[in-house]
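Novice: sequence? don't have it. structure:
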């Protein structure tokens, strides 16, 4: 079974803090993705990566950055957290253009 | 405006009954359409995938249909069970857009005993 593991299920941070969300997959997938999910808006792509050290902006990259130093790990970074970044964050991975496998999500609250 | 619209936003059904969820999309050119199920507190899990040439696909009690001419898809749940309570998300892949997906807002289904 494909496993996509997100390091935290729940996080509470203060405005202005630097926040790291970690994601690890165990299926040697080239592609990894970060989404945020908000009620009524569906999943929106923040960043994705096709390979180690490679990253591409998604639809809503502002206020975020990513890091992919190893194939299995894709990190999402909020340089200076703001209240409008309170959301559910979902990581996914896939092989080529196949099905995306999702982690359980991290619910982030920024106070 | 979202390019993948789902309806209804939510519905409540009694255990054992059937229901149908709708997905209309405007994205083009179309590559494939996938339905995901997302349990509360979990990530989405793929249920079915259909390409342009397929108009129906089943996965147990879930049956998805696709009309590529009208750009509509539906997900039919037969003999609903309590475990079907979840959000169902319609996802469309655009051809020549790399690996990017367009997600619908989801339909939240609650199955009551």
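Specialist: Structure received. Here the structure is a predicted model, which means the values were calculated and not measured.
Novice: Contact partners for the residue in chain A that chain B sits nearest to?
Specialist: Residue of chain A nearest chain B, by Cβ to the nearest Cβ: residue A:102 (3.0 Å). To be clear about C-beta, it is placed using only N, CA and C from the backbone, and glycine gets the same treatment. By Cβ atoms under 8 Å, 6 or more residues apart in numbering or on different chains, the contact list for residue A:102 reads A:4, A:90, A:91, A:92, B:43, B:44, B:45.
Novice: Show me which of those are buried.
Specialist: Buried residues within the contacts of residue A:102, counting neighbours by 16 or more other Cβ atoms under 10 Å in any protein chain shown: A:4, A:90, A:91, A:92, B:43, B:44.
Novice: Nearest to residue B:95, out of these: which one, please.
Specialist: Of all these, residue B:95 sits closest to residue A:92, with 20.0 Å by Cβ to Cβ.
Novice: Could you measure from that closest one over to residue A:86?
Specialist: Shown here: residue A:92 relative to residue A:86, a distance of 21 Å by Cβ to Cβ, to the nearest Å.
Novice: Residue ranges in the chain under the pLDDT threshold?
Specialist: In the absence of a named chain, this looks at chain A. Along chain A, segments meeting pLDDT under 70 span A:1-2.
Novice: Let me rephrase: I mean chain B.
Specialist: In chain B (pLDDT under 70), the answer is B:1-2, B:96-99.
Novice: does residue A:91 really touch residue A:34, like I thought?
Specialist: Yes: between residue A:91 and residue A:34 there is a contact under Cβ atoms under 8 Å: 5.8 Å.
Novice: Need the overlap of contacts for these two.
Specialist: By Cβ under 8 Å, 6+ apart, the residues touching both residue A:91 and residue A:34 are A:21, A:23, A:74, A:76.
Novice: quick one: which helix or strand includes the second one?
Specialist: Of the helices and strands defined by DSSP states H and E, residue A:23 is found in strand A:19-25.
Novice: List the buried residues in that strand.
Specialist: A:19, A:21, A:22, A:23, A:24, A:25.
Novice: Could I get these in a markdown table, plus columns for distance to chain B?
Specialist: Below are those laid out as a markdown table (distance: Cβ to the nearest Cβ, whole Å):
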| residue | distance to chain B |
| --- | --- |
| A:19 | 19 |
| A:21 | 13 |
| A:22 | 15 |
| A:23 | 11 |
| A:24 | 14 |
| A:25 | 12 |
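Novice: returning to that earlier point: tell me the first helix or strand C-terminal of the strand holding residue A:23.
Specialist: Counting by DSSP H and E, the element after strand A:19-25 in chain order, helix or strand, is strand A:31-38.
Novice: got the angle for that next one vs strand A:19-25?
Specialist: 130 degrees (axes from the mean of the first three to the mean of the last three Cα atoms, to 10 degrees).
Novice: Sheet partners, orientation included, of the next helix or strand after strand A:31-38?
Specialist: Toward the C-terminal end, the helix or strand that comes next after strand A:31-38 (DSSP H and E) is strand A:42-49. Sheet pairing of strand A:42-49 (DSSP bridges) gives strand A:31-38 (antiparallel), strand A:56-57 (antiparallel).
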